[in-house]
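Engineer: I would like to see how this sequence folds:
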Amino acid sequence: GVVGGVHGVSPKGLKNYRNKPLFRRDGDKTFKTGSEAVEMLLNSAYSKDPHESEFLEVLDDILPVLTPLLDRQPKYAWIAKQLMEPERSIQFRVAWLDDMGNSRMNRGWRTQYSSTLGPYEGGLHFNGSMNSARVKTLGLETVFTNSLSGCSLGGASGGADFNPNNKSESEIQRFCQSFMTELSKYIGPDMDIPSMGYGVGMPEIGYLYGQYKRINDHNAQKGRGILWGGVQLYPEAVGHGVIHFANEMMKSKGSSLEGKRCAITGSGKVALSMASKLLEFGAVPLSFSDSNGIIYEPDGFDEAKLRTVIKIKSERGARIGRYVISSSSAKFNEPGSLVDIPADIVFPAAFRNEIDENVANELVERGTIAVIEAANAPCTKEAIAVFRSRGMMFGPHMATLTGCSISSGYELKSNPLLPGHSLDKRIENQMTNIFNEISHSSKEFNIRGDLHAGAIITGFKKVADVMLAHGAV
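Structural biologist: Sure, this is the predicted structure:
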């Protein structure tokens, strides 16, 4: 394109791009507006992968937000088309023996989605319902999260259809070793750096790194490098990052987290570390949940009560309902729904699409002032539209989960902490920068206050500008 004009492309350059066919498979197809380009991109995705509902959901969310950007700079439509396809997807067999000596088999995946900004980086997820489409979806979302983080990291995702919650520790270790035996062919310190995810915590990271080290004759670097050398020193980083971002949101409205009643869903490492950080800010965490139900403390969890929850959840497969035995004030499934907990802020950290349009409307009606995502896409596109139209603050997961990138082994190795400096302070500073960046983008594109759209546009542009320099690769 020709550089110039208010938005970086001269009228002649705009015309040239709009005369170029975006698709040529069934005849030349051009577009005149950003919305036409988005429609063409979505039609192409739906015709190619009609069965990948979660991936299409994400594209349905991301691409329409890019409409004003494509209006101004049509060249980005070709980058969006490239970004709809991962660079590489790998599927492999994971054979292992259970405690009875029976041969078991699972599927493993690694989608290396984009290496535009640096080596692939992204979580591994062990879950019985994991599949290739979900891994691809998480990979695309990680591209945006890592882009926003300010770290030199690409995006990837991986995992297996393996449920660690009903396995013994020795079975999990054997599975991790078999999984890594195959995965190790495709990862490395400067190529692909896996990280923690759903069902992959500290024990699994240790087992995975141990096998990687055995195969590759690799020297462990505790807390740094690939898989943190088997020991993640800052497992609370992601949850703390969510709360630092939430604090920036409150400060932008002249408020703070102090005294805010906060409902948390989920009870994994992110949910528990969020509660700990909320207490530091003087907020009041009210709830946790798992597949069995919700525990609710009407007056909130203090540090002692939170330690009890952490101890319960440190046992693999333990259910959150056990907590009520140790607390006379706690309620289990009373109320049985998130919307019935009187909270100022909701932090959904449990599962995808847990907050839909109906729940979103109920939260607004109950006086909730903010919903801040702490998992991958816990709010549906329709729920986000409700928050936007009814003026509720919303923190998008693409921005709030960047603590994972900032605390990655690769980042801690290439940008080590200086003496006297803490990772928490680094995360706090970076969350301030991310909040300011996406706020600026939302203002620039006349969607002031829409952090969700600002995050998508900012993350996309950071990747797209480098992809333009790389050409059609």
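Engineer: So the most centrally placed residue in the chain: helix, strand or coil?
Structural biologist: Centroid-nearest residue in the chain: residue 376, 4.4 Å away (criterion: C-alpha atoms, centre = their mean). Put simply, residue 376 is coil when judged by DSSP: H, G, I helix; E, B strand; the rest coil.
Engineer: you'd agree it is up against residue 138?
Structural biologist: Yes: at 6.1 Å, residue 376 counts as touching residue 138 under the criterion of C-beta atoms under 8 Å. No exception for glycine: its C-beta is placed from N, CA and C like everyone else's.
Engineer: show me the contacts for the residue nearest to the centre of the chain.
Structural biologist: Applying C-beta atoms under 8 Å, 6 or more residues apart in numbering, we find residue 376 in contact with 138, 141, 352, 397, 401.
Engineer: Repeat the analysis, applying 7 Å as the threshold.
Structural biologist: 138, 141, 352, 397 (C-beta atoms under 7 Å, 6 or more residues apart in numbering).
Engineer: quick one: the residue lying closest to residue 237 once chain neighbours are set aside from residue 236, how far?
Structural biologist: Of all residues not flanking residue 237 in the chain, residue 407 sits nearest, at 3.6 Å (C-beta to C-beta, 6 or more residues apart in numbering). As for residue 407, its distance to residue 236 is 9 Å (criterion: C-beta to C-beta, to the nearest Å).
Engineer: which one of those two has more residues nearby?
Structural biologist: residue 407 (28 against 21; other C-beta atoms under 10 Å).
Engineer: Against residue 274, how distant is that one?
Structural biologist: Distance from residue 407 to residue 274, counting by C-beta to C-beta: 15 Å.
Engineer: ok, now residue 115?
Structural biologist: In terms of C-beta to C-beta, residue 115 sits 31 Å off from residue 274.
Engineer: Neighbour count: those two, which is higher?
Structural biologist: Neighbours per residue (other C-beta under 10 Å) separate residue 115 from residue 274, with residue 274 holding more: 29 against 19.
Engineer: tell me the SS of that one?
Structural biologist: Per three-state DSSP, residue 274 ends up helix.
Engineer: next SSE after the least confident helix or strand in the chain by mean pLDDT?
Structural biologist: Lowest mean confidence among the helices and strands of the chain (mean pLDDT, DSSP states H and E): helix 11-19, at a mean of 63. For helix 11-19, the following helix or strand on the C-terminal side (DSSP states H and E) is helix 34-48.
Engineer: What is that following helix packed up against?
Structural biologist: helix 53-65, helix 67-72, helix 76-83 (3 or more C-beta pairs under 7 Å, 6 or more residues apart in numbering; DSSP states H and E).
Engineer: chain center to the shortest one, what's the gap?
Structural biologist: When distances are taken as C-alpha atoms, centre = their mean, to the nearest Å, helix 67-72 is centred 25 Å away from the chain's centroid.
Engineer: What's the per-residue pLDDT of residue 214 here?
Structural biologist: With respect to pLDDT, residue 214 has a value of 93.
Engineer: For it, grab the count of nearby residues.
Structural biologist: 13.
Engineer: what separates it from residue 175, distance-wise?
Structural biologist: Relative to residue 175, residue 214 is positioned 15 Å away (C-beta to C-beta).
Engineer: How about residue 135?
Structural biologist: Note on residue 135: its distance to residue 175, by C-beta to C-beta, is 17 Å.
Engineer: who's more crowded, the two?
Structural biologist: Legend: neighbour count by other C-beta under 10 Å for residue 135 and residue 175, higher for residue 135 (29 against 26).
Engineer: wouldn't that one be in contact with residue 157 here?
Structural biologist: Yes: applying C-beta atoms under 7 Å, one finds residue 135 in contact with residue 157, separated by 5.0 Å.
Engineer: overlap in contacts of the two?
Structural biologist: Taking C-beta under 7 Å, 6+ apart as the contact rule, residue 135 and residue 157 both touch residue 111.
Engineer: tell me the SS of residue 90?
Structural biologist: Assignment for residue 90 (three-state DSSP): strand.
Engineer: contacting residues for it?
Structural biologist: Here residue 90 is in contact with 109, 110, 186 (C-beta under 7 Å, 6+ apart).
Engineer: Residue 298 now?
Structural biologist: residue 329.
Engineer: 10 Å - rerun?
Structural biologist: By C-beta atoms under 10 Å, 6 or more residues apart in numbering, the contact list for residue 298 reads 261, 286, 287, 329, 330, 331, 334, 341, 342.
Engineer: low-scoring stretches of the chain, by residue?
Structural biologist: Per-residue confidence for the chain (pLDDT under 70) gives these ranges: 1-15, 17-18, 24-27.
Engineer: and the longest helix seen in it, which residues are buried?
Structural biologist: Using DSSP state H to assign secondary structure, the helix with the most residues in the chain is helix 423-444. Judged by neighbour count using 16 or more other C-beta atoms under 10 Å, the buried positions of helix 423-444 are 423-424, 426-428, 430-431, 434-435, 437-439, 441-442.
Engineer: Next secondary structure element downstream of that helix?
Structural biologist: Once the chain leaves helix 423-444, the next helix or strand it forms, by DSSP H and E, is helix 451-470.
Engineer: got the angle for that next one vs helix 76-83?
Structural biologist: 90 degrees (axes from the mean of the first three to the mean of the last three C-alpha atoms, to 10 degrees).
Engineer: now helix 451-470, how far from the chain's geometric center?
Structural biologist: The answer for helix 451-470 is 16 Å, by C-alpha atoms, centre = their mean.
Engineer: ok, now stretch 225-239?
Structural biologist: Mean-position distance between stretch 225-239 and its chain equals 16 Å (C-alpha atoms, centre = their mean).
Engineer: how about the helices in the stretch 251-400 of the chain?
Structural biologist: 269-280, 303-313, 357-365, 381-389, 397-400 (DSSP state H, counting those that start in this stretch).
Engineer: Pull the distance from the shortest one to the chain's centre.
Structural biologist: A distance of 6 Å separates the centroid of the chain from that of helix 397-400, by C-alpha atoms, centre = their mean.
Engineer: Counting by contacts, list what that helix packs against.
Structural biologist: helix 132-149, helix 237-252, strand 370-372, helix 423-444, helix 451-470 (3 or more C-beta pairs under 10 Å, 6 or more residues apart in numbering; DSSP states H and E).
Engineer: Could you rerun that using 8 Å?
Structural biologist: Applying 3 or more C-beta pairs under 8 Å, 6 or more residues apart in numbering; DSSP states H and E, one finds that helix 397-400 contacts helix 132-149, helix 237-252, helix 423-444, helix 451-470.
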